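> Please work out how this folds:
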Amino acid sequence: MTGFLMSEKLSNLLRCGFEDITHSVRTRDMWFYLGRQDIKMKYRRSVLGPWWYTLSTGILVLTLGLLWSQVFNQPIGYYMSYFAAGIVTWTFISGFITESATSITQFEGFIKQQYTHFFQFVLRIYIRHLLILAHNFLVVAIVFLFAGPGFSFEALAAIPGLAILSLLMLMIGTPVAIFCTRFRDMPQIINNLLQVIFYLTPIIWEAKQIGRFQFVSDWNPFHAMVSIIRKPLLGELPAAWDFLMIFILIAICTLATAWLLGKYRRRIAYWL
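Now for the predicted structure:
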């Protein structure tokens, strides 16, 4: 009897969580518009506007790409393509996770005034970083066309790869947002962890360069996230292990998101 009641309670929590998600997705006109407005407001009266993202990423890829290609004794064209695709994808991942940490607290005034669905704030952050990714991808295109191998047919696989990565990011973003709202030291912890993960993930370096320690990258989920975008752009198909790891993470994070929203959505406003 106790097990049945616990199972019923869990199913109710998950149902409430999924209702929050589905209702938020249906209000796409609102969060899509607000995500775009956030970018516009940030660069209001700026000459280049959001193209500053493109310029800063281009300078980073050019300077560090030339430097590290010599350090690792790699062909400049290949390494710059490898680095450009990796750093742009990483910027999308790390930027979204970092800002997800404050995706609830930065809208404190709105949340205190009325009942709302919290998943829509994560969607709003997602649109911001998807637009930034679109601007930064121009750097990848220029590098591939003028310094790298160009785009092959396999590059089309990056499109479903981005869709899968986006789903995972949304499912990661909500638990991050809730935990960081409850525990205010978490954003700083996440920022520091992401800095460490950056150096543990093959973005600047290649997995084959660490020899018998390659398991560090093989079991690194962030490597899988980057690979499903970068490998197709480089003319390779991602490994089945990369997709398996990501789909397992999506399943776990989706259940965690639904459970957290179902259990804590009525308490979040009191944490602000």
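
> Now find how far off-centre stretch 108-115 is within its chain.
Remark: stretch 108-115 is offset 26 Å from the chain centroid, using Cα atoms, centre = their mean, to the nearest Å.

> which residues sit against that stretch?
Applying Cβ atoms under 8 Å, 6 or more residues apart in numbering, the contact partners of stretch 108-115 are Ile104, Thr116, Phe118, Ile268, Ala269, Leu272. C-beta here means a position set from N, CA and C on the backbone, and glycine is covered the same way.

> Go ahead and confirm the third one touches Arg267.
No: look at Phe118 against Arg267 with Cβ atoms under 8 Å: they stay out of range, at 11.0 Å.

> quick one on the thing from earlier: return the item of the contacts of stretch 108-115 having minimum pLDDT.
Among the contacts of stretch 108-115, Leu272 carries the lowest pLDDT, at 73.

> Mind checking which of Phe118 and Arg267 has more residues around it?
Legend: neighbour count by other Cβ atoms under 10 Å for Phe118 and Arg267, higher for Phe118 (23 against 11).

> Excluding chain neighbours, what is closest to that one?
Of all residues not flanking Phe118 in the chain, Arg265 sits nearest, at 5.9 Å (Cβ to Cβ, 6 or more residues apart in numbering).

> where does Gly161 land on pLDDT?
The predicted local confidence for Gly161 is 93.

> so where do the helices sit in the stretch 151-272 of the chain?
158-182, 186-200, 215-218, 221-233, 240-264, 268-271 (DSSP state H, counting those that start in this stretch).

> contact partners of the second one?
Just to be clear, that refers to helix 186-200. Outside helix 186-200, the residues that touch it by Cβ under 8 Å, 6+ apart are 90, 94, 97-98, 101-102, 176, 179-180, 216-217, 220, 222.

> Now render those residues as CSV, adding pLDDT and distance to Ile190.
Formatted as CSV, these follow (pLDDT from 0 to 100; distance: Cβ to Cβ, whole Å):
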residue, pLDDT, distance to Ile190
Trp90, 95, 15
Ser94, 94, 10
Ile97, 94, 7
Thr98, 93, 7
Ala101, 90, 5
Thr102, 88, 10
Val176, 93, 7
Phe179, 90, 9
Cys180, 91, 7
Val216, 79, 21
Ser217, 82, 21
Asn220, 90, 17
Phe222, 94, 13
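
> of the residues you listed, buried ones?
Taking 16 or more other Cβ atoms under 10 Å as the criterion, what is buried in those is Trp90, Ser94, Ile97, Thr98, Ala101, Thr102, Val176, Phe179, Cys180, Ser217, Asn220, Phe222.

> which of those lies closest to Leu162?
In terms of Cβ to Cβ, no member of these lies closer to Leu162 than Trp90, at 13.7 Å.

> Let me know whether that closest one touches Val226 as I believe.
Yes: counting by Cβ under 8 Å, Trp90 does reach Val226; the two are 6.1 Å apart.

> Would you indicate which residues of whatever helix or strand Ile87 lives in are buried?
Using DSSP states H and E, Ile87 sits in helix 76-100. For helix 76-100, a neighbour-count test (16+ other Cβ under 10 Å) marks 77, 79-100 as buried.

> before we move on, back to that, now do the same contact list for the residue nearest to Phe118.
Per Cβ under 8 Å, 6+ apart, neighbours of Arg265: Cys16, Gly17, Asp20, His117, Phe118.

> shouldn't the first one be in contact with Gly262?
Yes: judged on Cβ under 8 Å, Cys16 makes contact with Gly262 at a distance of 3.8 Å.

> more crowded one of these two?
More crowded of Cys16 and Gly262, by other Cβ under 10 Å: Gly262, with 21 against 16.

> quick one: that one from Arg15, how far?
7 Å (Cβ to Cβ, to the nearest Å).
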